[in-house]
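1. Below: sequence and its predicted model.
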Amino acid sequence: MTQPLVTILDDEPAIRTMLADALQEAGYRTMTFARATEFEAALHRTTPDVCLVDLGLPDRDGLSLVHRLALELGASVIIISGRAQVQDRVTGLELGADDYIIKPFAPAEVVARVRARLRDPKVARPRSETARFNGWVAHFDRYALVDDAGEETPFSHAEGEVLRLFLEAPKRLITRAHMQEQLGGAAGESFDRAMDVRISRLRTKLREDPKNPRLIKTIYGAGYIFLGDVSWT
């Protein structure tokens, strides 16, 4: 089985080497890039499973690249940055990042975060890749939602994880604790914020009324319930 591919975009050679060595030792394939232009050119030839993106790039602001990756690519995006301000972390998550790691960091921490994004395929049970619900078809093999008129809306890897969690347990309460257990990551304010961002983006893509969503209902103080009728193929 082909190992997941992790791309590393950082202008510091020592960090690229350190991360590549740690990830390869953990069993992942890696590709490293010093500039955004090199990385974007490579995306025409390959599709990574996880993208590690530094915000302080010499030829482009990393936040705009994160936004594009979240919209167009089905990979998880993890920001690695020296920007430690809360607003930078919030902005990164709102633009589509799945996680945010502040420099300096231990290589083992990055490996653990990558592993949390991509759970071991050897122990994952086989899963259906297409679900139908309330006029929508979710294609998890190509990260796309299709409405009954045939219009496609892409979703990210992280959004797909949350959507699958809802679709596999319709009309049942999904607590924050259960989401953290299933999706990985450290419990706390940053995890809760990441879930809020992903659920908000899913509601937008499902054309939900933010004040009165029909499908993804918030049960305040408890969690969420997905109210659609779901069939898997």
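-> Nice, I can see it. Residues are numbered from 1 along each chain as shown.

2. so residue 175 makes contact with residue 219?
-> No - at 9.0 Å, residue 175 does not count as touching residue 219 under the criterion of Cβ atoms under 8 Å. Heads up, the C-betas are built off the backbone N, CA and C, glycines and all.

3. By average pLDDT, which secondary structure element in this structure comes out worst?
-> One helix or strand of the chain scores below all others by mean pLDDT, DSSP states H and E: helix 62-72, with a mean of 74.

4. Only C-alpha atoms, please: export that helix in PDB.
-> Extracted C-alpha coordinates of helix 62-72, given in PDB (Å, rounded to 0.1, in the frame of the first residue of the first chain):
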ATOM      1  CA  GLY A  62       1.100  31.700   3.200                       C
ATOM      2  CA  LEU A  63      -2.400  32.500   4.300                       C
ATOM      3  CA  SER A  64      -3.600  33.100   0.700                       C
ATOM      4  CA  LEU A  65      -2.100  29.700  -0.300                       C
ATOM      5  CA  VAL A  66      -3.800  28.000   2.600                       C
ATOM      6  CA  HIS A  67      -7.200  29.400   1.400                       C
ATOM      7  CA  ARG A  68      -6.600  28.000  -2.100                       C
ATOM      8  CA  LEU A  69      -5.500  24.600  -0.800                       C
ATOM      9  CA  ALA A  70      -8.600  24.400   1.400                       C
ATOM     10  CA  LEU A  71     -10.900  25.200  -1.600                       C
ATOM     11  CA  GLU A  72      -9.300  23.200  -4.400                       C
END
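
5. So which other helices or strands are in contact with the longest helix along the chain?
-> In the chain, taking DSSP state H as the definition, the longest helix is helix 189-205. Under the contact criterion of 3 or more Cβ pairs under 8 Å, 6 or more residues apart in numbering; DSSP states H and E, helix 189-205 touches helix 86-94, helix 157-167, helix 176-183, strand 216-219.

6. Please list all residues in contact with the nearest residue to residue 13 once chain neighbours are set aside.
-> Nearest residue to residue 13, sequence neighbours excluded (Cβ to Cβ, 6 or more residues apart in numbering): residue 34, at 7.4 Å. Counting by Cβ atoms under 8 Å, 6 or more residues apart in numbering, residue 34 touches 9, 10, 11, 13, 16, 58.
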